[in-house]
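>>> what's the 3D shape of this:
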Amino acid sequence: MGDAARDRSDASSSQVAVFYYAWYGTPQLDGAWLHWGQGQFEPPQGIGSTYYPTRGPYSSGDPALVRDQMREIARVGIDAVVVSWWGPGSMEDKRLRPVASAARAAGLSVALHVEPWQGRTPDTVVDALRGLQGLGIRDAYVYDSTTAPDSEWRAALARLGKGMRVFAHTSLPGRARKGGFQGLYTYDVLVNDGTSFRRMCNGAHRLGLACAPSVGPGFDSLRATGEMRVRPRSDGRWYDHMWACALRAAPDVVTITSYNEWHEGTQIEPARATAGPYATYEGAWGRSGRRAERAYLDRTAYWIARLRGTAAPQ
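Got it, this is the predicted structure:
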């Protein structure tokens, strides 16, 4: 990126990308419940999430549903879908192409969230990315990238060429540069509270790196994992706080954690207004009932408009 891009004082030219999970399944389409039963629950009544999707427990292999999700994501102004990918031959690998096709049909670009599959090394990641370049994927985000030595990443990424931008999962620009990455992102919205975004992006830009801080509505994975730590949504105030921090950082990409990671309670996908023992979005920005189901998607549209200078401050 040129010096002019690095010197800008606002984030109006930033892109917005959302992390997307294609690992869900139903008996009707996939022969069994996939992922929804995490935490030893029995779908469809019991699922491993504090919230319950408005769509109900669904299959990410349902073409009509995926098309609807992609259109929903595109309508709020998001530019790219970052698809969770667990390596060659995984279920998520098999679903990558149809998800990518639906995303592009909706006007979205497709990026990859490279998860820590068994046997993952910097070399196997680069080999896999080279094989996927034909899909038009230009950005890849490597989760837990710091578990491998920086020197190994630098050597492997040197083989990738210039056709793909690879982001390290770290808040330390120096660490990303040592590994030969072109950018960095944070993903986590439980520990990262947004207050260091500006310092992180300033440091990244000084080193010529792209900065992609991650914003999210909250975190609650108690039902799925037993994790006791929670980041409350606070009726939407936490989402607003993280977005405000991201805008002040003049990022290259604002990444959203997440569209549909229901297990960790970071999703902005619509959740049912009346869902028995499940939490809802009731009260977010003063909304109630059915109007609350889309509260986080609609607020995402508001913040994207703020990012691009097309909405007045509120």
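>>> mind listing the strands for the chain?
Shown for the chain, the strands assigned by DSSP state E span residues 15-20, 80-85, 109-114, 139-142, 165-169, 183-185, 210-212, 214-215, 219-220, 230-231, 253-256.
>>> if I read this right, Ala305 contacts Val76, doesn't it?
No - counting by Cβ atoms under 8 Å, Ala305 stays clear of Val76, with 9.6 Å between them. Where C-beta positions appear, they are placed from N, C-alpha and C, glycine not excepted.
>>> What is the neighbour count of Val83?
Counted with other Cβ atoms under 10 Å, the neighbours of Val83 add up to 22.
>>> quick one, phi psi at the closest residue to Asp144 other than its chain neighbours?
Closest residue to Asp144 apart from its sequence neighbours, by Cβ to Cβ, 6 or more residues apart in numbering: Pro116 at 4.9 Å. Backbone torsions of Pro116, given as degrees, to the nearest 10, read phi -80, psi 70.
>>> any idea how far Thr26 is from Pro116?
Pro116 is 26 Å from Thr26, where distance means Cβ to Cβ, to the nearest Å.
>>> Convert the biggest helix by length in the chain to CSV, retaining C-alpha atoms only.
Secondary structure of the chain per DSSP state H: the longest helix is helix 91-105. This file holds the C-alpha atoms of helix 91-105, laid out as CSV (Å, rounded to 0.1, in the frame of the first residue of the first chain):
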residue,chain,number,x,y,z
MET,A,91,-16.1,-30.6,5.8
GLU,A,92,-15.5,-26.8,5.7
ASP,A,93,-13.2,-27.4,2.7
LYS,A,94,-16.0,-29.2,0.8
ARG,A,95,-18.4,-26.4,1.6
LEU,A,96,-16.0,-23.6,0.7
ARG,A,97,-16.8,-23.5,-3.0
PRO,A,98,-20.6,-23.4,-2.7
VAL,A,99,-20.3,-20.8,0.0
ALA,A,100,-17.9,-18.7,-2.1
SER,A,101,-20.2,-19.0,-5.1
ALA,A,102,-23.2,-17.8,-3.0
ALA,A,103,-21.1,-14.9,-1.6
ARG,A,104,-20.0,-13.7,-5.0
ALA,A,105,-23.5,-13.9,-6.4
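>>> now the strands of the chain in JSON lines, with distance to Thr274 and mean pLDDT?
JSON lines is the format used below for these (distance: least, Cβ to Cβ, whole Å; pLDDT from 0 to 100):
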{"stretch": "strand 15-20", "distance to Thr274": "26", "mean pLDDT": "98"}
{"stretch": "strand 80-85", "distance to Thr274": "29", "mean pLDDT": "98"}
{"stretch": "strand 109-114", "distance to Thr274": "32", "mean pLDDT": "98"}
{"stretch": "strand 139-142", "distance to Thr274": "35", "mean pLDDT": "98"}
{"stretch": "strand 165-169", "distance to Thr274": "37", "mean pLDDT": "98"}
{"stretch": "strand 183-185", "distance to Thr274": "35", "mean pLDDT": "98"}
{"stretch": "strand 210-212", "distance to Thr274": "36", "mean pLDDT": "98"}
{"stretch": "strand 214-215", "distance to Thr274": "28", "mean pLDDT": "98"}
{"stretch": "strand 219-220", "distance to Thr274": "19", "mean pLDDT": "98"}
{"stretch": "strand 230-231", "distance to Thr274": "22", "mean pLDDT": "98"}
{"stretch": "strand 253-256", "distance to Thr274": "26", "mean pLDDT": "98"}
